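# here you go, sequence then predicted model.
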Amino acid sequence: MAEQQRSWQSFEQDNTYHRLLGVKVEGSGSDWARVKLPSTDTVRGGVHGSFHGGVLSALADIACLAAMHGQFSDGVRPNGTAELSISYLRPALGEYVVANARILKRGRTLAVIDVDISGPDGRLVAKSRVSYALRSVER
């Protein structure tokens, strides 16, 4: 457990963009992750002071990568986001938003991940689907 906590601290702090946004991994499993993003001046800019849509899109991508974290090994490495779609359902208002990412299917070179983004009241504010590319590494 302590090793996983160090891994998530590295995920949050070693990436300049993750650090700038202030993302925190709240939980994860072999095929899912929950990532929280607090409301700050850096991330607001949407309608009525809500979270900026581009930030929500970035959060979906970050949550996808967190869910994929357990899928990487010596033989499989991340190769980047291949496609990302997002539907904004309502303004994301409140002290934070939470992205719940779940791997729907993982193939040899591509994984498909669903991401639900909710506000503090639990209401869905955005829904995203991400295709994430994988690459095999010769040993």
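Looks like it came in fine.

# helix or strand right after the lowest-mean-pLDDT helix or strand in the chain?
Between all helices and strands in the chain, the lowest mean by mean pLDDT, DSSP states H and E belongs to helix 2-13, at a mean of 63. Toward the C-terminus, helix 2-13 is succeeded by helix 16-21 as the next helix or strand (DSSP states H and E).

# who are the packing partners of that next one?
Applying 3 or more C-beta pairs under 8 Å, 6 or more residues apart in numbering; DSSP states H and E, one finds that helix 16-21 contacts helix 2-13, helix 53-68. Using the backbone N, CA and C atoms, a C-beta is placed for each residue, glycine as well.

# give me whichever of the ones you listed is most buried.
Most buried of those by mean neighbour count (mean count of other C-beta atoms under 10 Å) is helix 53-68; its value is a mean of 23.

# now the very next helix or strand once past it: average pLDDT?
Proceeding N to C from helix 53-68, the next assigned helix or strand is strand 76-88, under DSSP H and E. Strand 76-88 shows an average pLDDT of 91 in the prediction.
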